[in-house]
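> from the sequence below, what's the structure:
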Amino acid sequence: MADEHINANVLLVDDEEDFIAVLSRRLEARHLKVTAASSGQDALALTDRQDFDAIILDLAMPGMDGLETLKRIKQNHPEAEIIMLTGQGSIRTGIEAMKLGAEDFLEKPVDIQHLLERIKEAKSKRVLVLQEKSKDEIRKIILSKPW
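Predicted structure coming up:
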């Protein structure tokens, strides 16, 4: 996997600026395009303006926490692929995040190879979902025509 390029567009959401800076550099060094947000509100604004192959979302943030941010992103963008990160993981919180639509739940410090694998899976799944959505839209158009 080390030499493989994912070419994914990733949104990284965390209130810890040092963590964002370090992880952004590590992901960008592996040819990913990274956009950073330091709050749930910023993440919501960015997801309304731009599509991301994967969203890496911290659970514990002041103000709007990761679970609330996850809920709101999924309301507006159900096809969003979200990977939750936490420094204080718990089984209960992980289960709650998965019920709300998170693809995965990883603990900090995150293993970069493991995270890259999850990003690759998220991108692949998102591409399949969008292709299926396009097929459904084309099918509806064809069926609506009185040929």
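> what packs against the helix ranked longest in the chain?
Looking across the chain with DSSP state H, the single longest helix is helix 112-144. Judged by 3 or more CB pairs under 8 Å, 6 or more residues apart in numbering; DSSP states H and E, helix 112-144 is in contact with helix 17-28, strand 54-58, strand 82-86, strand 104-107. Backbone N, C-alpha and C define where each C-beta goes, glycine included.
> so the residue at minimal distance from the centre of the chain versus residue 142, what's the distance?
With distances taken as CA atoms, centre = their mean, the chain has residue 55 as the residue nearest its mean C-alpha position (1.9 Å). Distance of residue 55 to residue 142, computed by CB to CB, to the nearest Å: 33 Å.
> what of residue 22?
Distance, residue 22 to residue 142, by CB to CB: 49 Å.
> compare those two (neighbour count), which wins?
The neighbour comparison of residue 22 against residue 142 (other CB atoms under 10 Å) goes to residue 22, with 12 against 9.
> so the helix or strand harbouring residue 67 versus strand 54-58, what angle?
Taking DSSP states H and E as the criterion, residue 67 maps to helix 66-76. Using axes from the mean of the first three to the mean of the last three CA atoms, to 10 degrees, one finds that helix 66-76 and strand 54-58 are set 150 degrees apart in direction.
> for helix 66-76, packing partners?
With contacts taken as 3+ CB pairs under 8 Å, 6+ apart, helix 66-76 sits against helix 40-49, strand 54-58, strand 82-86, helix 91-99.
> so residue 36 sits against residue 20, correct?
Yes. With contact defined as CB atoms under 8 Å, residue 36 reaches residue 20; the gap is 4.8 Å.
> what touches both of these two?
Residues touching both residue 36 and residue 20 (CB atoms under 8 Å, 6 or more residues apart in numbering): 12, 14.
> and residue 52, how close does it get to residue 80?
Distance from residue 52 to residue 80, counting by CB to CB: 7 Å.
> an error on my part: the question was meant for residue 74.
6 Å.
> buried ones in the lowest-mean-pLDDT helix or strand in the chain?
Within the chain, no helix or strand scores below helix 91-99, which has a mean of 84 by mean pLDDT, DSSP states H and E. Buried residues in helix 91-99, counted by 16 or more other CB atoms under 10 Å: 93, 94, 96, 97.
> contacts only, for residue 133.
Contacts of residue 133 (CB under 8 Å, 6+ apart): residue 79.
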